[in-house]
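>>> the sequence isn't on hand, but the structure is:
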């Protein structure tokens, strides 16, 4: 049984080696040697643990039916054997974003920032899973955690994808973003 | 400082007296004498506590800017001195609902079920606060908890409101609903 809850534990153990931890916007997170992706809750940090972030997969908030069909037809699940590279990108949006109405957020997200459309261009090479944190409790440090994975040969494509998203109108509402790069083994 | 998290504790104490607990759809909840509305977490049930439900206030998921402006212009906050009657209505929607895309859910919610439009007709008499539970953890018993309050003179209006909502296409996706009526004192 797959839980909707995922916990990302940074420390001395875990399947991913942390290649870099970079604050893109706002305050960074302490750098760890390794990262474990746990499908479920982690009640206490393990020995050597530095931080843990958690999020739940949930219903999509912006995609239309045709967009969802395109995603389903093209996307890959995380965990392909060739996906030896990964990135965990926690972001937090500002209060101005959350004060917008659904139609306003959709217009910025897709009609003007082309978020889904941009992601589609990199499928199936770049796989992703989005975890929501904002409504897990009242004071979560981030709103979303996205875990991406890809093959070494698609590293440049991944750089293009994150650069394209960071240049959008949507990203003007991001007040904190950390880019944690991971390699297998 | 007001927390986004609210905990509803049923038992022997609390500001509301429980007049009735009725399962509208699916399994009921045990009946208690009183209900406490706590702004924040409740780590353990108090002595005599029977159950606790929790939810967070969050951004609206469906309203457009004109609808939000109409709500803001007309709605009252909970807690008016004359609002001696209240209802806590926990609901859970089925997996078919959560598999819909945003545009499909919006069409059912408003264009076909007129959820916000119906609520607006009862403002400011019926005040409400919506609490989200679905993304608090992976296994919450309900998706939403709505707390309403109103004056005795508006009791019939409240019955009309809940009857109107329960007759909608949106409500075909509700798989569990409990209607807990409360009176002050």
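Everything's here; your move. These numbers were taken from a predicted model, which means no experiment stands behind them.

>>> pLDDT below threshold where in chain A?
For chain A, the stretches with pLDDT under 70 are A:1.

>>> ranges for the helices of it?
All helices of chain A, identified by DSSP state H, fall at A:65-74, A:95-99, A:102-106, A:115-121, A:155-166.

>>> the ones you listed into a markdown table, with extra columns for mean neighbour count?
C-beta here means a position set from N, CA and C on the backbone, and glycine is covered the same way. Putting the helices of chain A into a markdown table (neighbours: other Cβ atoms under 10 Å in any protein chain shown) gives the following:
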| stretch | mean neighbour count |
| --- | --- |
| helix A:65-74 | 14 |
| helix A:95-99 | 13 |
| helix A:102-106 | 19 |
| helix A:115-121 | 16 |
| helix A:155-166 | 15 |
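
>>> the spatially most central residue of chain A and chain B: what is the separation?
Closest to where the C-alpha atoms of chain A average out (Cα atoms, centre = their mean) is residue A:146, at 1.0 Å. Separation of residue A:146 from chain B (Cβ to the nearest Cβ, to the nearest Å) stands at 16 Å.

>>> before we move on, back to that, okay, the helices of chain A in JSON lines with distance to residue A:178 next?
Listed next are the helices of chain A as JSON lines, based on distance: least, Cβ to Cβ, whole Å:
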{"stretch": "helix A:65-74", "distance to residue A:178": "25"}
{"stretch": "helix A:95-99", "distance to residue A:178": "18"}
{"stretch": "helix A:102-106", "distance to residue A:178": "22"}
{"stretch": "helix A:115-121", "distance to residue A:178": "19"}
{"stretch": "helix A:155-166", "distance to residue A:178": "12"}
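
>>> between those helices, which one is nearest to residue A:36?
Relative to residue A:36, the nearest member of the helices of chain A by Cβ to Cβ is helix A:155-166, separated by 21.6 Å.

>>> how about the residues of chain A by chain B?
Chain A comes close to chain B at residues A:3-5, A:56, A:58-65, A:67-68, A:98-104, A:106, A:132, A:134-138, as judged by Cβ under 8 Å from any Cβ of the partner chain.

>>> now do the contacts for the closest residue to residue A:175 other than its chain neighbours.
Leaving aside its sequence neighbours, residue A:175 sits nearest to residue A:94 (Cβ to Cβ, 6 or more residues apart in numbering or on different chains; 4.3 Å). The contact partners of residue A:94, by Cβ atoms under 8 Å, 6 or more residues apart in numbering or on different chains, come to A:173-175.

>>> closest to residue A:151 out of these?
Closest to residue A:151 out of the contacts of residue A:94 is residue A:174 (27.2 Å), distances taken as Cβ to Cβ.

>>> mind listing the residues bridging to that closest one?
Taking DSSP bridges, one obtains residue A:93 as the residues bridged to residue A:174.

>>> so it touches residue A:89, yeah?
No. Here residue A:174 lies out of contact with residue A:89, judged by Cβ atoms under 8 Å, at a distance of 10.2 Å.
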